[in-house]
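# only the shape, not the letters, is given here:
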Ligand SMILES: Cc1cc2nc3c(=O)[nH]c(=O)nc-3n(C[C@H](O)[C@H](O)[C@H](O)COP(=O)(O)OP(=O)(O)OC[C@H]3O[C@@H](n4cnc5c(N)ncnc54)[C@H](O)[C@@H]3O)c2cc1C
């Protein structure tokens, strides 16, 4: 059993690791270091209720301050780990101090990718990853103002939905031919595009941003120009063009990184004393037979729990079917599994009724499901996919047959 455990990053994965370590009997010194000034908090409400001003900051916290005190955690916030000194098994913080570790967990998450076009540095061009980002955006929102969202992925669309509800005029510019193209089927993309348009947003696909231009001679953004010469007036621009794994510490320390920090199925990096979990990690997935880097709450929780157990010598293989959700307007999208490589799609339910699922099959095996407003499909879908079930396609397509009847 190690005596000193240090967790770098104070987000979703870190909070879970603290909980699992203490619940599983780790009584040694436990340090949690986060560069943001807040205790670990949930990010999903950032693009939804928190952006809308519907909840207080305190409600975002995953655990109250009392939890860390009663679990004897040395919490250092507003502090960045600048270096991992692997030979000495210490980390160096931005105040020059160092902390020893016997086991180190990197739970550093992702950073929002910035737009790389002329004008990206203008005032009024924002990203959405942290509490500070949302507070910056909120301070610039004016009812009736014009928001251009660059990127029709789930974060851009969630923010667009919230902005429409706040009374902004919203345009979403998407590079691909359809929204959320990386994560959902064409029918779900089409459904979401229609829903956004029905709420007053304008969605423009195949739109490549060329430049952001100031309004007049000022330093504030005034319009977004695309490669085809079209331009979109903007008081505020939200860049939702994806994220990059925060793997710079690991890289500098010589750990193997490729699209995130490479770990094995025990969440261990190329240094046996160092583990990684959550958005920053690139890990093997036995079910799909390939490596994944996932950006989801479920993955952060499950992987952090596995990493924590392995750090204290409880052998745990991390092997889960991934799942993810996104809330836009009153629609709950849940994606279970990975649908790429499918050879057929089965529609379950009616998109016109705003409650349906799309099932992905390969050689008859259920590989993934996207459900819209059908939460009842979720648990059974997870079981069916994990069991590599070959459901009867006619019954699968019949929404009156509960999925659990196919288990
Ligand atoms: C706006 C938004 C909406 C989302 N909505 C959903 C959703 O609906 N459903 C879903 O499943 N997922 C959603 N996600 C994704 C989910 O929040 C992430 O997958 C999850 O937070 C990942 O947890 P993590 O601990 O890996 O990283 P994070 O929660 O990002 O935490 C990492 C922390 O490490 C800190 N850090 C990095 N480097 C250092 C360093 N050197 N020293 C100290 N600290 C450091 C970072 O500042 C950060 O605070 C959303 C994310 C965002 C941004």
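Cool, the structure landed. Note that the structure is a prediction, hence the values are computed from the model and not measured. Residues are numbered from 1 along each chain as shown.
# ok, which stretches of the stretch 1-150 of the chain are strands?
Applying DSSP state E, counting those that start in this stretch to the stretch 1-150 of the chain gives strands spanning 4-8, 29-34, 73-77, 81-85, 90-93, 98-100, 103-106, 110-112, 125-126, 146-150.
# can you tell me which of the ones you listed is most buried?
Among the strands of the stretch 1-150 of the chain, strand 103-106 has the highest mean neighbour count (mean count of other C-beta atoms under 10 Å), at a mean of 29. C-beta here means a position set from N, CA and C on the backbone, and glycine is covered the same way.
# quick one: is that one near the ligand?
No - interface with the ligand: strand 103-106 contributes nothing (C-beta under 6 Å from any ligand atom), its closest point being 8.3 Å away.
# does anything pack onto that strand? Which helices or strands?
strand 4-8, helix 12-23, strand 274-276, helix 297-311 (3 or more C-beta pairs under 8 Å, 6 or more residues apart in numbering; DSSP states H and E).
# quickly run through the sheet partners of the next helix or strand after the third one, with directions.
Sequence-wise, the next helix or strand downstream of strand 274-276 (DSSP states H and E) is strand 281-285. Neighbouring strands of strand 281-285 in its sheet, by DSSP bridges, are strand 261-262 (parallel), strand 290-292 (antiparallel).
# who does the one helix or strand residue 357 maps to touch, helix- and strand-wise?
Element membership of residue 357 [criterion: DSSP H and E] is strand 355-362. When contacts are defined as 3+ C-beta pairs under 8 Å, 6+ apart, strand 355-362 packs onto helix 186-198, strand 344-350, strand 365-372.
# may I see the buried residues of the first one?
Using 16 or more other C-beta atoms under 10 Å as the burial criterion, the residues of helix 186-198 that qualify are 188, 189, 191, 192, 193, 195, 196.
# give me phi/psi at the residue nearest in space to the middle of the chain?
Centroid check for the chain by C-alpha atoms, centre = their mean gives residue 295 as the closest residue, at 3.6 Å. Backbone geometry at residue 295, expressed as degrees, to the nearest 10, gives phi -120, psi 80.
# do the same with residue 326
phi -150, psi 130.
# how about the residues of the stretch 1-150 of the chain by the ligand?
8-14, 33-36, 43-44, 46-47, 80-81, 107-110, 128-129.
# rerun that using 8 Å as the cut-off
8-15, 33-36, 38, 40-48, 79-82, 107-112, 128-130, 134 (C-beta under 8 Å from any ligand atom).
# give me the buried subset of the residues you listed.
Buried among these (16+ other C-beta under 10 Å): 8-15, 33-36, 38, 40-41, 43-48, 79-81, 107-112, 128-130, 134.
# counting neighbours, what do you get for residue 251?
The number of residues packed near residue 251 is 11, by other C-beta atoms under 10 Å.
# look at it and give its secondary structure.
helix (DSSP: H, G, I helix; E, B strand; the rest coil).
# related to what we said a few turns ago, among the strands paired with strand 281-285, which is the most enclosed?
strand 261-262 comes out most buried of the strands paired with strand 281-285 by mean count of other C-beta under 10 Å, with a mean of 26.
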